[in-house]
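Participant: Got a predicted model here, sequence first, then my questions.
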Amino acid sequence: MKRTGKRILSPAEGIKRALCAAAALVFVLALLPARARAAATIDDFQYDINDDTPPAGCSDCVTITGYIGSDSVIDIGAAFEGTGYAVTRIGENAFGNRTLQKVTAPDTVTSSGDNAFYKCTNLGTISLPKATTIGSYAFMDCTSLSTVSIPNAESVGKYAFRNCAKLSSLFSPELKQIGESAFSNCGKLENLSIPNAESIGKYAFSGCKKLNSVAVPAGVTVNSA
């Protein structure tokens with residue numbers, strides 16, 4: 001008579017198969033992009049650990065990847081105080097299309113990614129005191145933005161502040177690279193001091209109708225058409 005049915009595994013074989021399945025799952029999860037995995041959260045700030053060198057007193061550096069809170073005034077540094085983490089980057093699209101009015105970042109933040117604050121139409125004030133890099137489209141369409149503090153920025157990506165209609169002045173003595181249309185349509189921008197500028201993209205100041213002066217080194221061309 002023909003036998004049917006499945007062979008019963010021994011306890012050792014069952015454990016071995018379970019361990020193999022678990023190992024395979026861990027391997028697959030490790031291959032997933034950070035965005036596809038569950039984001040770690042502290043006080044409504046979503047973050048990923050990055051590979052930056054942590055400052056003294058901190059165990060790891062993190063990138064802010066999103067915000068799920070509803071506050072309009074936020075202090076990123078205060079949220080991570082005492083956690084052992086240093087926030088060094090604001091990631092791409094981290095705060096895009098939010099109803100934020102004021103954002104304060106700790107002086108450990110060195111970069112703001114592409115689209116980081118894109119279309120935050122209520123955002124009036126932003127302070128990134130130690131950031132050296134501002135990504136493309138980072139503040140585009142922030143139509144209420146009037147106060148920007150980026151004293152250590154060395155590069156501003158293309159369209160970074162496009163359509164920031166209320167931005168009237170910007171002092172960034174370390175700024176060297178300005179991308180295409182970076183400040184275009186900043187209709188209230190009157191004064192801009194960039195004494196260390198090396199490269200200014202085309203149409204960087206297009207539509208800046210009130211711009212009276214741009215202080216740049218000799219030999220650097222400002223295309224404001």
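Facilitator: Arrived safely. Residues are numbered from 1 along each chain as shown.
Participant: what sits against the closest residue to Lys176 other than its chain neighbours?
Facilitator: Residue nearest to Lys176 in three dimensions, not counting chain neighbours: Glu198, with 4.6 Å by C-beta to C-beta, 6 or more residues apart in numbering. (Each C-beta comes from the backbone N, C-alpha and C, glycine too.) Going by C-beta atoms under 8 Å, 6 or more residues apart in numbering, Glu198 touches 176-177, 217, 220.
Participant: could those residues be laid out in JSON lines, adding secondary structure, neighbour count and distance to Tyr159?
Facilitator: Below are those laid out as JSON lines (DSSP: H, G, I helix; E, B strand; the rest coil; neighbours: other C-beta atoms under 10 Å; distance: C-beta to C-beta, whole Å):
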{"residue": "Lys176", "secondary structure": "coil", "neighbour count": "16", "distance to Tyr159": "18"}
{"residue": "Gln177", "secondary structure": "strand", "neighbour count": "17", "distance to Tyr159": "14"}
{"residue": "Pro217", "secondary structure": "coil", "neighbour count": "10", "distance to Tyr159": "24"}
{"residue": "Val220", "secondary structure": "coil", "neighbour count": "14", "distance to Tyr159": "20"}
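Participant: any idea which of these is the one closest to Leu123?
Facilitator: For the contacts of Glu198, the residue nearest Leu123 by C-beta to C-beta is Gln177; the value is 23.6 Å.
Participant: Do I have it right that that closest one meets Ser155?
Facilitator: Yes - between Gln177 and Ser155 there is a contact at 3.9 Å, judged by C-beta atoms under 8 Å.
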